[in-house]
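**Q** need a structure here:
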Amino acid sequence: MAKISNTSIYPNIDPVLSDYFVVTDANTDLATKTCTLESVQTLFGLADTTVTVTVSSVLLNALWTQPLTLLAAPGDGYVLNVKNIILFMDAGSLVYDFDNIANVKIGTYSAGFISTSTFNSATDLVIPIFNGETDANIPSNTPLVLTGQGTTSGAGNGVMYIKITYQTLKLDSTF
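**A** The predicted model follows:
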């Protein structure tokens, strides 16, 4: 058997949560078994998920008439716990002319706002937008949605990337 440090036999990778690794199970006479990185993450209470949603110019121009789902509803008996939202506005050659903010929300719970100056910027911006309400109910089995307020000229061509860190919490005694 090759040494683990032999990277030509055992190449280095960037692990993902669905990758497996080998463990010794103390509860079954030290039997060798496998588990996923995600199961270890959950064991230590580190079950955060981070996704990046790309919002094209077509979707941005339609945002004021058609809300955009950023995270799907988690299912019956679950709630989304948004921990962090940060966006990168990659300004295009044509600047938008939005006249009002956009709201990131779960039902009626507001997770944050995106200002018109962010949308209408002629330069690239990185903006943290999470400022979740402190005294509001987060509804269960409800998606995280980006909704525009006001109107738009439809002239812009920039792209927005929204990075969301969240947990899906089960509404039971394991909460």
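**Q** alpha carbons only for contacts and neighbour counts from here, please
**A** Fine.
**Q** for the protein, what helix or strand is lowest in average pLDDT?
**A** helix 37-43 (a mean of 79; mean pLDDT, DSSP states H and E).
**Q** list the neighbouring strands of whatever helix or strand comes next after that helix plus their orientation.
**A** The C-terminal neighbour of helix 37-43 among helices and strands, as given by DSSP states H and E, is strand 49-55. Applying DSSP bridges, strand 49-55 is found paired with strand 159-170 (antiparallel).
**Q** buried sites along the strand it pairs with?
**A** Residues V159, M160, Y161, I162, K163, I164, T165, Y166, Q167, T168, L169, K170 are the ones in strand 159-170 that count as buried (16 or more other CA atoms under 10 Å).
**Q** ok, now stretch 92-110?
**A** Within stretch 92-110, the residues that qualify as buried are 92, 95-106, 109-110, counting by 16+ other CA under 10 Å.
**Q** tell me the helices and strands packed up against the least confident helix or strand of the chain.
**A** Helix 37-43 is packed against no helix or strand, with contacts defined by 3 or more CA pairs under 8 Å, 6 or more residues apart in numbering; DSSP states H and E.
**Q** that helix: how far from the chain's middle?
**A** Centre-to-centre, helix 37-43 and its host chain are 18 Å apart (CA atoms, centre = their mean, to the nearest Å).
**Q** got a list of contacts for it?
**A** Helix 37-43 has contacts (CA atoms under 8 Å, 6 or more residues apart in numbering) with V16, L17, S18, D19, Y20, F21, A47.
**Q** tell me the secondary structure for F88?
**A** strand (DSSP: H, G, I helix; E, B strand; the rest coil).
**Q** what bridges to P128?
**A** I86.
**Q** can I get the contacts of helix 37-43 in JSON lines including distance to T118?
**A** Formatted as JSON lines, those follow (distance: CA to CA, whole Å):
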{"residue": "V16", "distance to T118": "32"}
{"residue": "L17", "distance to T118": "33"}
{"residue": "S18", "distance to T118": "36"}
{"residue": "D19", "distance to T118": "38"}
{"residue": "Y20", "distance to T118": "41"}
{"residue": "F21", "distance to T118": "43"}
{"residue": "A47", "distance to T118": "31"}
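**Q** what about Y78, neighbour count?
**A** Counted with other CA atoms under 10 Å, the neighbours of Y78 add up to 19.
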